[in-house]
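Enquirer: Dropping a prediction and its sequence here:
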Amino acid sequence: MVLYYTPADAATTGHVIYVGRDKVENEDLIKYGLEHDVWFHVDKLSSAHVYLRMRPGQTMDDITAEELRDCAQLVKANSIAGNKQNDLHVIYTPWGNLLKRGDMDVGQVSFKDESNALVRRVKVKTRDNEIVNRLNKTKVEAYPDLHAEREAFEESVRQAKKEAYRIEEAKRLEEERARKADIEARDYKHIMVDEKMKSNKEMAKKYESYEDAEDDFM
């Protein structure tokens with residue numbers, strides 16, 4: 001089961017928050033996340049794994065201030081120890097930066113790159129019940145086929161790449177055709193075709209005298 005929440009400005013961003021029911025469910029979320037997902041967790045404490053699903057191509061820089069507060073408050077509220085503490089930090093990173101090794105416990109995860117550029121922190125002073133209650137009112141329980149969702153996304157990416165290649169190839173061929181046409185237009189050799197050329201002697205045979213040729217020319 002996956003829990004879905006609607007962030008404050010979802011009508012504008014089109015983003016959605018989702019959370020695994022437990023640590024076993026978190027394993028599937030870690031495995032089948034999408035590259036435009038961002039993962040949230042209380043720093044150095046046990047908590048729920050909260051994800052913000054953004055639009056394809058977006059990054060952490062596209063998270064709004066309201067969404068950041070919503071995700072941070074939801075993580076804090078779903079941490080047994082963190083919910084009781086003030087002035088804690090919530091960390092967040094792109095799903096693609098999560099590292100899951102075979103020797104890790106169920107639900108445990110690390111990072112491929114721990115630099116500040118990819119692992120960011122936001123301070124949460126206190127629990128904001130207004131935010132938590134608003135989010136809980138939007139909660140929806142669902143049983144998605146995460147594997148199928150990921151396959152569908154990957155297929156859409158493949159199709160988008162094929163279409164981009166098709167457009168680029170058509171553009172290249174059109175530019176090549178235009179280039180060749182321009183070269184041919186600048187090439188006057190086709191005007192001087194040997195078969196159509198006549199010598200002075202051949203031209204003279206057509207006329208009985210110089211005056212006839214001159215009259216024909218005029």
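Expert: Noted; the coordinates are in hand.
Enquirer: Straight-line length of stretch 41-57, end to end?
Expert: Stretch 41-57 has an end-to-end distance of 23 Å (C-alpha to C-alpha, to the nearest Å).
Enquirer: Give me the average confidence score over that stretch.
Expert: Mean per-residue pLDDT for stretch 41-57: 95.
Enquirer: Enumerate every residue touching the residue most central in space within the chain.
Expert: Nearest to the geometric centre of the chain sits residue 57, at 2.6 Å (C-alpha atoms, centre = their mean). Neighbour list for residue 57: residue 36 [criterion: C-beta atoms under 8 Å, 6 or more residues apart in numbering]. In short, each C-beta sits where N, CA and C put it, glycine included.
Enquirer: which SS class is it?
Expert: coil (DSSP: H, G, I helix; E, B strand; the rest coil).
Enquirer: Pop out the phi and psi values for it.
Expert: With angles defined as degrees, to the nearest 10, residue 57 sits at phi 90, psi -10.
Enquirer: How far away from the center of its chain is stretch 86-95?
Expert: Here stretch 86-95 is found 24 Å from its chain centre; the criterion is C-alpha atoms, centre = their mean, to the nearest Å.
Enquirer: So what touches that stretch?
Expert: The contact list for stretch 86-95, computed with C-beta under 8 Å, 6+ apart, reads 33-45, 51, 59-60, 68, 71-72, 75-76, 82, 111, 118-126.
Enquirer: Same question for that stretch: list its buried residues.
Expert: By neighbour count on 16 or more other C-beta atoms under 10 Å, the buried set for stretch 86-95 is 88, 90-95.
Enquirer: Nearest to residue 4 among those?
Expert: residue 95 (16.3 Å; C-beta to C-beta).
Enquirer: so how far is residue 133 from that closest one?
Expert: 28 Å (C-beta to C-beta, to the nearest Å).
Enquirer: circling back: can you say which of the contacts of stretch 86-95 are buried?
Expert: Taking 16+ other C-beta under 10 Å as the criterion, what is buried in those is 33-34, 36-43, 45, 51, 60, 68, 71-72, 75-76, 82, 119-120, 122, 124.
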